[in-house]
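[1] Could you work out the structure for the sequence below:
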Amino acid sequence: MIELTKLSGQKILVNCDLMELVEETPDTLITFTTGRKIIVKESRQEVKNLVKSYRKDIFAD
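    Presented below is the predicted three-dimensional model:
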C-alpha cells in the first residue's frame, strides 16, 4: 500500500493494485477498479513514483 494525502490533509493508505487510472484535472484524481474515485494532493508523477517504489520493495530479493 502507498500513503497519500486527501485534500482535507488526511493521510490514507491506498492499495495501488486496485488503481485503474490516475489523472490531473488539475487535482489528482484516482479511479479504482471498483469504480471508487478519490482526489489527492500528490501529483500524478508523485503517485507514479510511489507505486514504482512500492513495487520495487515488494519484488526486491
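
[2] Check the secondary structure at the spatially most central residue of the chain for me.
    Geometric centre of the chain, nearest residue: V47, 4.8 Å, by Cα atoms, centre = their mean. What DSSP: H, G, I helix; E, B strand; the rest coil gives for V47 is helix.

[3] Pretty sure it sits against E3.
    No: V47 is beyond contact range of E3, at 10.9 Å (criterion: Cβ atoms under 8 Å). Where C-beta positions appear, they are placed from N, C-alpha and C, glycine not excepted.

[4] Distance of the residue nearest to the centre of the chain relative to E20?
    Counting by Cβ to Cβ, to the nearest Å, the gap from V47 to E20 is 13 Å.

[5] And K37, by the same measure?
    10 Å.

[6] intersection of neighbour lists for these two?
    Here K37 and E20 have T31 as joint contacts, going by Cβ atoms under 8 Å, 6 or more residues apart in numbering.

[7] The residue lying closest to L13 once chain neighbours are set aside: neighbour count?
    Spatial nearest neighbour of L13, excluding adjacent residues (Cβ to Cβ, 6 or more residues apart in numbering): M1 at 4.3 Å. M1 has 11 neighbours, counted by other Cβ atoms under 10 Å.

[8] looking at it, M1 is touching D17, isn't it?
    No: M1 is not in contact with D17 according to Cβ under 8 Å; the separation is 9.0 Å.

[9] ok so, going back, which residues sit in contact with the residue nearest to the centre of the chain?
    V47 touches 2, 4, 22, 28, 30, 40, counting by Cβ under 8 Å, 6+ apart.
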